[in-house]
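1. no letters, just coordinates:
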Ligand SMILES: [Cu+2]
């Protein structure tokens, strides 16, 4: 089942749910337990030091410590803790996603070292790896981060914060789960493919995704059969690649080695060095900017070391896109509503 089909099923199931909702409301109104608010609970306990996810000016190479966990699996690490203001949200309504990063002194962190032009990168995705967003919240004087955000469907969503405290010589990626009410229809991953489409762009992927050693991944972007040769720098790079491991959503964030100075042009190829920590299936989300808009291309990759070879004639033969809900970067509030400089 493709994601597009799953979405249509979700819409149909939603109509069914409305039909049942009245009966359910009658039942729950008489039941004080069912009507009670769920109590907040803590996230996962702190885990061990992970690989550096986002190294300024280069790409994540990963430490060679074989016992280390990848980033993004813990809510607390090295004395820093992600503290969401709430972990309960309704779906389909714009809410304020608000949180602090608590430092080793117990206070909200207010001093950051920028990575890729931002003090903090916020990645939001549902646990089934649908609905990916990469946005940039704003921070108030007290250290609280916030951004308007709409969770498009029910389910458990993962919120990652990718940042470097000024007092720490490395980046951290802390993650927490949040609970979104509303209909939950899990969306299966797309089959692995060397070709995808987003917003009228055709994107191909070539490379040998290895586990445990660096793999070179090359994305090529075309539009209407023509290679795109005027990609714009977005947050200091021609591409940003977030890879999430299926199963536990371990987090990798990579940037191309090639520099993207202001006003320069990139494309059609964007190359990344990526170290998948283990074998397994990963969702890859490539952000790139063209003609003033940010787009997110999505791939499913099996880290097996086997070559991914795109077909020779990709642009004209690309199938209709199978899309995750709300993964269009241009719809993302943070890309439009927050200034890119601080
Ligand atoms: Cu970012």
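-> Structure's in. What do you need? Only a predicted model underlies this, so the values are computations on that prediction, with no experimental measurement involved.

2. ok, the residue sitting nearest the centre point of the chain - contacts?
-> Nearest to the geometric centre of the chain sits residue 123, at 4.2 Å (CA atoms, centre = their mean). Applying CB atoms under 8 Å, 6 or more residues apart in numbering, we find residue 123 in contact with 132, 133, 134, 159, 160, 162, 242, 251. Using the backbone N, CA and C atoms, a C-beta is placed for each residue, glycine as well.

3. list the contacts of residue 306.
-> Counted by CB under 8 Å, 6+ apart, residue 306 has contacts 208, 209.

4. typo on my end, it should be residue 300
-> 189, 190, 191, 192, 193, 281, 282, 283, 284.

5. try residue 217
-> Residue 217 is in contact with 205, 206, 207, 209, 241, 271, 272, 273, 274, 284, counting by CB under 8 Å, 6+ apart.

6. quick one: the last one from residue 240, how far?
-> Read that as residue 284. 11 Å (CB to CB, to the nearest Å).

7. more neighbours: which of those two?
-> Shown here are residue 284 and residue 240; by other CB atoms under 10 Å, residue 240 has more neighbours (25 against 22).

8. just for the stretch 1-150 of the chain, where's the confidence low?
-> 1-67 (pLDDT under 70).

9. quick check: closest non-adjacent residue to the residue nearest to the centre of the chain.
-> residue 160 (4.1 Å; CB to CB, 6 or more residues apart in numbering).

10. where's that neighbour, which helix or strand?
-> Assessed by DSSP states H and E, residue 160 sits inside strand 155-163.

11. in that strand, which residues are buried?
-> 155, 157, 158, 159, 160, 161, 162, 163 (16 or more other CB atoms under 10 Å).

12. average pLDDT for it?
-> Across strand 155-163, pLDDT averages out at 98.

13. cool, stretch 302-317 as well?
-> Here the average pLDDT along stretch 302-317 is 76.

14. what about residue 307, how many residues nearby?
-> 10.

15. how about the helices in the stretch 201-342 of the chain?
-> Secondary structure of the stretch 201-342 of the chain by DSSP state H, counting those that start in this stretch: the helices cover 333-337.

16. for it, give me the ranges with low pLDDT.
-> 313-342.

17. returning to what we had before: SS state for the residue nearest to the centre of the chain?
-> Three-state call for residue 123 (DSSP: H, G, I helix; E, B strand; the rest coil): strand.

18. again, but for residue 169
-> Classified using three-state DSSP, residue 169 is coil.

19. gap between it and residue 113?
-> Applying CB to CB to residue 169 and residue 113 gives a distance of 9 Å.

20. could you do residue 215 as well?
-> 28 Å.

21. quick one: which of those two has more around it?
-> When residue 215 and residue 113 are compared for neighbours, residue 215 comes out ahead with 19 against 15, by other CB under 10 Å.

22. hmm, residue 101 and residue 84 touching each other?
-> No - if you go by CB atoms under 8 Å, residue 84 and residue 101 don't touch, sitting 10.7 Å apart.

23. between those two, who's got more neighbours?
-> Between residue 84 and residue 101, residue 101 has the larger neighbour count (other CB under 10 Å), namely 24 against 20.

24. so that one is in which element?
-> Take DSSP H and E as the rule and residue 101 turns out to sit in strand 94-102.

25. quick check: buried residues in that strand?
-> 95, 97, 98, 99, 100, 101, 102.

26. export those to TSV and tack on distance to residue 141?
-> What follows is these, written out as TSV (distance: CB to CB, whole Å):
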residue	distance to residue 141
95	22
97	19
98	14
99	16
100	12
101	15
102	16
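
27. how about residue 141, secondary structure?
-> From three-state DSSP, the assignment for residue 141 is coil.

28. which residues touch the spatially closest residue to it that is not a sequence neighbour?
-> Of all residues not flanking residue 141 in the chain, residue 110 sits nearest, at 7.6 Å (CB to CB, 6+ apart). By CB under 8 Å, 6+ apart, residue 110 lies in contact with 139, 141, 142, 143.

29. I figured the first one hits residue 119, correct?
-> Yes - using CB under 8 Å as the test, residue 139 is close enough to residue 119 to be in contact (6.6 Å).

30. domains in this structure, as residue ranges please.
-> Per automatic domain parsing, the domain ranges recorded for the chain read 76-180, 195-332.

31. looking at those, which is nearest to residue 70?
-> domain 195-332 (3.9 Å; CB to CB).

32. what about the strands in the stretch 51-200 of the chain?
-> Shown for the stretch 51-200 of the chain, the strands assigned by DSSP state E, counting those that start in this stretch span residues 76-77, 80-84, 88-89, 94-102, 120-126, 133-135, 138-139, 145-150, 155-163, 172-180, 195-198.

33. and for residue 125, the neighbour number?
-> 23.

34. which strand residues sit across from it in the sheet?
-> residue 158 (DSSP bridges).

35. what's the answer for residue 145, then?
-> Here residue 145, judged by DSSP bridges, has bridge partners residue 99, residue 139.
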